[in-house]
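Asks: Need a 3D model of the sequence below.
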Amino acid sequence: MTPDETIADLQARLAAAEAQATAIGEVMAIITDSPGNLAPVFDAMLDKAMRLCGPDFGLLRHFDGERLHVLVSRGMPSAYADYLAAGPHAPEAAGRLADMLATGRPLMRADIRDSDPYRAGNEQVRAIADLAGARTMLHVPLMKDQVAIGAFTFYRQEVRVFSDKEIALLESFAAQAV
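Replies: Alright, predicted model coming up:
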């Protein structure tokens with residue numbers, strides 16, 4: 001790596017760290033200003049997380065041990081929002097989402113429509129692809145005491161994977177936001 005490349009890499013890392021610190025500071029300020037009212041906190045958390053990775057839309061869900069409950073969403077296409085409003089959905093026991101919740105590791109699907117669950121007609125995967133036009137998806141778990149309590153989920157309506165840096169930044173944000 002040349003000295004100029006090293007400097008550019010360090011500047012990019014510094015900018016990412018500053019963005020994360022700013023986002024966390026803003027969420028903490030909202031928590032202070034909203035005692036007992038978590039709705040603005042959840043909204044701010046999702047907003048700040050989305051700013052870190054630039055998806056087309058996203059949501060923050062709570063996991064009760066069996067089902068995922070939408071707490072807040074941003075930019076969600078209305079047909080998919082209606083699907084989600086029908087009730088909380090359980091991750092398939094042998095599915096990748098269940099694995100993400102069990103392991104605490106992020107899950108990315110580069111192209112939803114080019115996945116086995118989509119081809120097999122999985123209802124939830126079909127809904128996000130067909131109703132919302134999502135192509136690339138990233139789930140980032142929210143862990144507390146090594147137990148999944150929720151997840152951020154981000155979608156892009158084009159096939160464009162989330163970079164390793166974006167994923168690491170979101171993991172760090174999620175860890176500090178809990």
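Asks: okay, now residue 163: neighbour count?
Replies: 10 (other Cβ atoms under 10 Å). Heads up, the C-betas are built off the backbone N, CA and C, glycines and all.
Asks: residues touching it, list them.
Replies: Residues near residue 163 by Cβ atoms under 8 Å, 6 or more residues apart in numbering: none.
Asks: what's the distance between it and residue 12?
Replies: 11 Å (Cβ to Cβ, to the nearest Å).
Asks: give me phi/psi at residue 65?
Replies: phi 100, psi -20 (degrees, to the nearest 10).
Asks: what about it, how many neighbours?
Replies: 8.
Asks: Residue ranges in this structure under the pLDDT threshold?
Replies: 9-10, 13-38, 93-94 (pLDDT under 70).
Asks: which residues of the protein fall in helices?
Replies: For the chain, applying DSSP state H gives helices covering 3-33, 39-53, 78-85, 96-103, 116-119, 123-132, 164-177.
Asks: now those in a markdown table, with mean neighbour count and distance to residue 72?
Replies: Shown next, in a markdown table, are the helices of the chain (neighbours: other Cβ atoms under 10 Å; distance: least, Cβ to Cβ, whole Å):
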| stretch | mean neighbour count | distance to residue 72 |
| --- | --- | --- |
| helix 3-33 | 13 | 13 |
| helix 39-53 | 19 | 4 |
| helix 78-85 | 15 | 11 |
| helix 96-103 | 17 | 19 |
| helix 116-119 | 14 | 25 |
| helix 123-132 | 19 | 16 |
| helix 164-177 | 17 | 13 |
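Asks: closest one to residue 71 among those?
Replies: helix 39-53 (4.6 Å; Cβ to Cβ).
Asks: nearest residue to residue 108 other than its sequence neighbours?
Replies: Using Cβ to Cβ, 6 or more residues apart in numbering and skipping residues adjacent in sequence, the residue nearest residue 108 is residue 138, 4.7 Å away.
Asks: Any idea what that neighbour is bridged to?
Replies: For residue 138, the beta-bridge partners are residue 108, residue 154 (DSSP bridges).
Asks: need the contact list for it.
Replies: Residues in contact with residue 138 (Cβ under 8 Å, 6+ apart) are 53, 55, 106-109, 153-155, 162, 167, 170.
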